[in-house]
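Asks: Have a look; sequence and predicted model below, questions after that.
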Number of protein chains: 2
Amino acid sequence: MHVRNGFRRRGGTDSRRTASRPAGAPTPCDTTMNTMTKEELMKEAIALSVTNVARGGGPFGAVIAREGKIVATGANRVTADNDPTAHAEVNAIRAAAERLGTFDLSGCEIYTSCEPCPMCLGAIYWARLDKIYFANGKEDARTAGFDDSLIYDELALPRPQRRLPSEELMREEALEAFRLWAGKSDKTEY
Amino acid sequence: MHVRNGFRRRGGTDSRRTASRPAGAPTPCDTTMNTMTKEELMKEAIALSVTNVARGGGPFGAVIAREGKIVATGANRVTADNDPTAHAEVNAIRAAAERLGTFDLSGCEIYTSCEPCPMCLGAIYWARLDKIYFANGKEDARTAGFDDSLIYDELALPRPQRRLPSEELMREEALEAFRLWAGKSDKTEY
């Protein structure tokens, strides 16, 4: 789950190597592609949010870019795909990580048509993205009938005060996995 | 993205219908399956966290159950699958939603071997799970080299004070998607 070292980047990693990609797909550093401005990249995210409504999805789109070039895109497919985690940002992160062949998207930025919800913001931290550009704000989303504020409020509360109940159970037994992890010499840390 | 109506359940929904499932897979309400206690369900989550270490994943496992029967399971595959969102809870939620054919997992509970990070907690709220059972706590995770607290701290800060920079861009243009959404008569709200 878990952030290490306060977002310091590990030195000497080769995890940024690109994986194989579909024939014809532009490489992230394809010199034949023009570098896009931040406004052009956001325009793409907004276009995704607009076209996604007609495609049966929610009004949200996202683009992940590196050095002004699009790495991957995503749109909200929660109801279309029956996946509560399929927000535009999560989908874009998953697609970008698959395309680059790494769970570490540092060096990339995300352009999202709406300010991220807590789940997506958490995903953005885990993916180590460098910066968030957003267009619609939380208040715009609320006006449109979407409201992330309850989740933000809940996360800010101490656990026992949240309205979603939670209960600790069998902690001693569960520590076994962490003991195994500590003793594993060939693990990939993150 | 977004929570509606403060987690009130919509009446009259038929979204809980189960989708087709693989031949031989137990149905969530299969009367031939014994109802499991919460300790038995947590034992499954812990077993997943333990076996996942040997399988090249992180030391985290999760089970989603309804009325004492397992609906789906998940384990942390972040580094194994190059997916920064592939935490045990997210994977279990995605699998449960696919299996039940709905983005609304109300009536289900999650058993996770470790207290959820903000991304997973957000996903749990979006999935409308009824309750969280967790074994290892955040402090245990930190001791094991994982630390979600930075993300919790960041989410609690006002946006401009977070260490991850963000910038508003082209809000007016982005409102178009919300206008289209407002005018769409056949949309699925969530």
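Replies: Noted; the coordinates are in hand. Numbering: from 1, shown residues only, chains lettered A, B, ... in the order given.
Asks: Tell me the first helix or strand C-terminal of the one helix or strand A:N52 maps to.
Replies: A:N52 belongs to helix A:38-54 when assigned by DSSP states H and E. Per DSSP H and E, the first helix or strand lying C-terminal to helix A:38-54 is strand A:61-66.
Asks: now the helix or strand following that next one, how far from the chain's geometric center?
Replies: Counting by DSSP H and E, the element after strand A:61-66 in chain order, helix or strand, is strand A:69-75. Relative to its chain's centre, strand A:69-75 lies at 11 Å (Cα atoms, centre = their mean, to the nearest Å).
Asks: pLDDT of strand A:69-75, averaged?
Replies: Mean pLDDT, strand A:69-75: 98.
Asks: Kindly report the same for stretch A:124-143.
Replies: Averaged across stretch A:124-143, pLDDT comes to 95.
Asks: Buried residues in that stretch, which are they?
Replies: Neighbour-count burial for stretch A:124-143 flags A:124-129, A:132-136, A:138, A:140-141 (criterion: 16 or more other Cβ atoms under 10 Å in any protein chain shown). All C-beta atoms are positioned from the backbone trio N, CA, C, and that covers glycine.
Asks: Need the distance between the two termini of it.
Replies: One end of stretch A:124-143 to the other measures 24 Å (Cα to Cα, to the nearest Å).
Asks: just stretch A:78-92 next, same as before
Replies: Span of stretch A:78-92 from end to end, Cα to Cα: 14 Å.
Asks: Give me the neighbour count for A:Y190.
Replies: A:Y190 is flanked by 20 other residues according to other Cβ atoms under 10 Å in any protein chain shown.
Asks: thought it was touching A:F103?
Replies: Yes - A:Y190 is in contact with A:F103 according to Cβ atoms under 8 Å; the separation is 6.3 Å.
Asks: what's the overlap in contacts for these two?
Replies: B:78-79 (Cβ atoms under 8 Å, 6 or more residues apart in numbering or on different chains).
Asks: orientation of the helix holding A:N52 relative to strand A:69-75 in degrees?
Replies: For helix A:38-54 against strand A:69-75, the angle between stretch directions is 30 degrees (axes from the mean of the first three to the mean of the last three Cα atoms, to 10 degrees).
Asks: A:C120 contacts A:E89, doesn't it?
Replies: Yes - judged on Cβ under 8 Å, A:C120 makes contact with A:E89 at a distance of 3.8 Å.
Asks: Mutual contacts of the two, please.
Replies: Any residue near both A:C120 and A:E89 by Cβ under 8 Å, 6+ apart counts here, and that gives A:T112.
Asks: what angle do the helix holding A:N52 and strand A:61-66 make?
Replies: Helix A:38-54 and strand A:61-66 are oriented at 150 degrees to each other (the same axes, to 10 degrees).
Asks: per-residue confidence averaged over helix A:38-54?
Replies: On average, the pLDDT along helix A:38-54 is 97.
Asks: State the distance from the residue of chain A most remote from its centre to A:F178.
Replies: What lies farthest from the middle of chain A is A:E172; by Cα atoms, centre = their mean that is 32.5 Å. Computed as Cβ to Cβ, to the nearest Å, the A:E172 to A:F178 distance reads 11 Å.
Asks: What is the helix holding A:N52 packed up against?
Replies: In terms of contacts (3 or more Cβ pairs under 8 Å, 6 or more residues apart in numbering or on different chains; DSSP states H and E), helix A:38-54 is packed against strand A:61-66, strand A:69-75, helix A:88-100, strand A:108-114, strand A:131-136, helix B:171-182.
Asks: of all the ones you listed, which lies closest to B:T51?
Replies: helix A:88-100 (23.9 Å; Cβ to Cβ).
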